[in-house]
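Asker: Output the structure for:
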Amino acid sequence: MEDAMHREPIGGGIFVYTSQEHRFGTDAFLLTHFSRYREKDVVCEFGTGCGIIPLLMQKHRPPKQIYALDIQEQAIAQLQKGIADSGQPAITPVLADLRELWTEAPLGQLDLVLCNPPYQPCGSGYECGLEAQRIARHGVFCTPEDVCTAAAKLLKFGGRVCVCGRPERLPDYICAMRAAGTEPKRLRFVSKTAADMPWLFLLEGKKGAKPFLQMEKPFIMYENGALTKEADALYTNGSEEADA
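Answerer: Numbers count the residues shown, from 1 in each chain. The predicted structure follows:
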């Protein structure tokens with residue numbers, strides 16, 4: 001398995017190990033940026049994969065503690081190698097099913113939960129034959145309700161959950177958040193250019209909050225064939241709004 005891993009530097013002396021089964025894309029950078037994590041936060045990411053989001057957080061005022069959960073052993077193995085090569089940051093890998101969490105899970109204690117969930121419901125469209133990718137891309141082991149219910153169990157009052165997904169699945173996550181008691185509070189769409197329809201949404205819910213959804217300006221990736229200033233900052237400066 002280790003022969004199939006590739007070590008990739010992401011800046012600041014931080015390294016992530018990727019493989020055919022567990023890689024990362026722009027959505028991980030976008031969700032990290034959108035989360036506005038703080039140094040004092042205790043955080044958990046569901047479905048961490050190669051651990052790109054917890055490792056990205058180490059580049060800019062890292063949170064106090066991060067639990068990185070995944071149901072797949074290979075994902076946890078990749079993250080452990082990334083942690084070892086990145087100076088042993090305060091990241092705790094957790095091999096567990098988010099529907100059940102884990103024995104010593106810090107229920108009601110977290111400030112922030114993030115999830116870059118499967119984009120397609122189980123059984124919809126073409127499902128990749130590679131089992132690890134099928135789990136990551138389709139809702140084999142979790143639904144929007146599973147994600148939001150688990151997040152609500154971990155979050156303290158006023159804690160936040162941030163997710164991303166395809167726009168057609170937005171109603172599912174809004175409904176699931178409300179049903180779990182985490183009111184949708186911020187929404188942002190991402191488009192390749194100003195002329196394109198959104199290809200991704202970023203949604204934040206807050207536990208125990210009153211209804212009021214703030215629509216943020218669209219995040220535009222490209223202008224005149226080049227990355228916009230905001231998009232370029234995703235890769236060069238880490239999370240600009242970490243303490244906003």
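
Asker: Spell out the secondary structure type for Glu204.
Answerer: strand (DSSP: H, G, I helix; E, B strand; the rest coil).

Asker: Isn't it up against Leu155?
Answerer: No. Here Glu204 does not reach Leu155: they are 11.9 Å apart, not a contact under C-beta atoms under 8 Å. Yep, even glycine has a C-beta here, placed from its N, CA and C like the rest.

Asker: so what sits against both of those two?
Answerer: A shared contact of Glu204 and Leu155, defined by C-beta atoms under 8 Å, 6 or more residues apart in numbering, is any residue touching both; here these are Val161.

Asker: what bridges to Leu227?
Answerer: Tyr222 (DSSP bridges).

Asker: Alpha carbons only: can I get the one helix or strand Phe29 maps to in PDB?
Answerer: Take DSSP states H and E as the rule and Phe29 turns out to sit in helix 26-35. Coordinates of each C-alpha in helix 26-35 appear next as PDB, following Å, rounded to 0.1, in the frame of the first residue of the first chain:
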ATOM      1  CA  THR A  26     -10.300  22.200  -4.900                       C
ATOM      2  CA  ASP A  27     -13.400  21.600  -2.800                       C
ATOM      3  CA  ALA A  28     -11.200  20.800   0.200                       C
ATOM      4  CA  PHE A  29      -9.400  24.200   0.000                       C
ATOM      5  CA  LEU A  30     -12.800  25.900  -0.400                       C
ATOM      6  CA  LEU A  31     -14.400  24.200   2.600                       C
ATOM      7  CA  THR A  32     -11.300  25.000   4.800                       C
ATOM      8  CA  HIS A  33     -11.400  28.600   3.800                       C
ATOM      9  CA  PHE A  34     -15.200  28.900   4.300                       C
ATOM     10  CA  SER A  35     -15.100  27.300   7.700                       C
END
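
Asker: now the helices: where do they sit in this protein?
Answerer: Along the chain, the stretches classed as helices by DSSP state H are 26-35, 52-56, 73-85, 131-137, 144-154, 170-179, 229-236.

Asker: Worst mean pLDDT among the ones you listed?
Answerer: Mean pLDDT is lowest for helix 131-137 out of the helices of the chain, coming in at a mean of 47.

Asker: How about Ser191: which residues does it bridge to?
Answerer: Ser191 forms beta bridges with Ile220, as assigned by DSSP bridges.

Asker: surely it meets Met221?
Answerer: Yes. With contact defined as C-beta under 8 Å, Ser191 reaches Met221; the gap is 7.0 Å.

Asker: These two: which is more packed in?
Answerer: Neighbours per residue, other C-beta atoms under 10 Å: of Ser191 and Met221, the larger number sits with Met221, 21 against 16.

Asker: And the more buried one, how far from Ala195?
Answerer: Noted for Met221: a distance of 12 Å to Ala195, by C-beta to C-beta, to the nearest Å.

Asker: Buried residues, stretch 13-27. List them.
Answerer: Applying a neighbour-count criterion of 16 or more other C-beta atoms under 10 Å, the buried positions in stretch 13-27 are Ile14, Phe15, Val16, Tyr17, Thr18, Ser19, Glu21, His22, Arg23, Phe24, Asp27.
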